[in-house]
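Participant: build me a model from this:
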Amino acid sequence: MADKHRKKKMIIALAIKKLLNAYNTNALFFLMTHNDPVIRTHDSFRSLADRFGVSTSTAHTCCGNIARKISLHLVKRFIKWPRNEALDSVTQGFLEKCKLPGVVGAIDACHVRITAPQINPESYYNRKKFHLVNLQAVSDNRLLFLDIFVGWPGSSHDARVFKNSPLFLETAENAIPCNKYILGDAAYPLLPWLMTPFKDYGTLSREKQNYNKQHSRGRQVVERAFGQLKGRFRRLILFYVHKIELLVYCIVAVYVLHNVCILNDDEINDFCEEPDINVYDGLNEDRESGILFRDDLVRYLSQ
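Facilitator: So this is what the prediction gives:
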């Protein structure tokens, strides 16, 4: 079993290295984040530099350079919305999981704890009493990330981040076909292409309770995706950062590497992190068209 696991890790490493070698001969530094049992945990750049016999500043430079290369050149190749047969496969996968037709993904947000950045550190100081940066993402039924939005201060509510994201402002109109939608929790607004659960004050009908149950089953995929992301890249537990721009490059890069791992059948369920708990404060307004579409789904499940 151990030999099989090591062989799979080598396949993942070779796949990633093949992608990165075209951009930077020092890609191995970033590869170590995933494949080394120590560096993928919370270890210092000094330890990483010692392993390669270079200075700490060189290790910083190499990791920063390859993170930028991945973010600028590989993100569109590996983080994208499904089309044609791939879209049909995703909707079928969700249908089997939660009985809801037309689901193309699930959206959620989580936080990465960081040290205080040089610019506007107070903006990143969260109710949890430390500095955070917000990560918003949509994943499919295979735990592949389809859309990401990284870098907003952790003090911002999920709804505010969402309404300032490219997904809300422009992407969804072109990426999500008519009569298709994503699933989100109560932190998000109810839209024709974003279905949220009914608020339960103890008076929901059986049909609406069933809808909420199936909705929860489908939405859990994005929580698992975040869990695997943080399980693979333990640096996301606490990120030492001075410049938010570099932090964003690094996080986008690990999103890409996560998808590469999924596409190569690398599973690490034993290392999944617990999902963040969202706090809902009524910042959203449901749209009438979204309400009508959700009611149609309730009737569909009742048939």
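
Participant: ok, which stretches of the chain are strands?
Facilitator: 103-114, 132-139, 145-153, 181-183, 194-195, 238-239 (DSSP state E).

Participant: count of neighbours near the residue nearest to V54 when sequence neighbours are not counted?
Facilitator: With C-beta to C-beta, 6 or more residues apart in numbering as the criterion, V54 has its nearest non-adjacent residue at 7.9 Å, and that residue is C62. Where C-beta positions appear, they are placed from N, C-alpha and C, glycine not excepted. Counted with other C-beta atoms under 10 Å, residues neighbouring C62 total 22.

Participant: how much space between C62 and Y240?
Facilitator: With distances taken as C-beta to C-beta, to the nearest Å, C62 is found 16 Å from Y240.

Participant: looking at the strands of the chain, which is closest to Y255?
Facilitator: For those, the distance to Y255 is smallest for strand 145-153, at 5.2 Å, taking C-beta to C-beta.

Participant: and the contacts of the closest one?
Facilitator: Strand 145-153 is contacted from outside by 79-82, 104-105, 107, 120, 123-124, 132-140, 161, 164-167, 171, 175, 225, 229, 244, 247-248, 251-252, 255, 258-259, using C-beta atoms under 8 Å, 6 or more residues apart in numbering.

Participant: about what we covered before: just put the strands of the chain in JSON lines and tack on mean neighbour count, mean pLDDT and distance to Q220.
Facilitator: Listed next are those as JSON lines, based on neighbours: other C-beta atoms under 10 Å; pLDDT from 0 to 100; distance: least, C-beta to C-beta, whole Å:
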{"stretch": "strand 103-114", "mean neighbour count": "24", "mean pLDDT": "94", "distance to Q220": "8"}
{"stretch": "strand 132-139", "mean neighbour count": "25", "mean pLDDT": "95", "distance to Q220": "10"}
{"stretch": "strand 145-153", "mean neighbour count": "21", "mean pLDDT": "94", "distance to Q220": "15"}
{"stretch": "strand 181-183", "mean neighbour count": "27", "mean pLDDT": "97", "distance to Q220": "9"}
{"stretch": "strand 194-195", "mean neighbour count": "24", "mean pLDDT": "96", "distance to Q220": "14"}
{"stretch": "strand 238-239", "mean neighbour count": "16", "mean pLDDT": "82", "distance to Q220": "26"}
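
Participant: of all those, which one is nearest R51?
Facilitator: strand 238-239 (19.9 Å).

Participant: which strands and helices sit next to that closest one?
Facilitator: strand 103-114 (3 or more C-beta pairs under 8 Å, 6 or more residues apart in numbering; DSSP states H and E).

Participant: domain ranges for this protein, per the record?
Facilitator: 2-73, 81-251+266-276+284-302 (automatic domain parsing).

Participant: looking at the ones you listed, which has the lowest confidence?
Facilitator: Per-segment mean pLDDT for those reaches its minimum on domain 2-73, at a mean of 60.

Participant: the top helix by length along the chain vs strand 145-153, what angle?
Facilitator: Looking across the chain with DSSP state H, the single longest helix is helix 206-232. With axes from the mean of the first three to the mean of the last three C-alpha atoms, to 10 degrees defining the directions, helix 206-232 sits at 80 degrees from strand 145-153.

Participant: in JSON lines, list the strands of the chain along with distance to V75.
Facilitator: Conversion of those to JSON lines gives the following (distance: least, C-beta to C-beta, whole Å):
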{"stretch": "strand 103-114", "distance to V75": "17"}
{"stretch": "strand 132-139", "distance to V75": "12"}
{"stretch": "strand 145-153", "distance to V75": "8"}
{"stretch": "strand 181-183", "distance to V75": "19"}
{"stretch": "strand 194-195", "distance to V75": "23"}
{"stretch": "strand 238-239", "distance to V75": "19"}
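
Participant: for S205, find the nearest of those.
Facilitator: Closest among the strands of the chain, using C-beta to C-beta: strand 194-195, at 17.2 Å.

Participant: no more questions from me, cheers.
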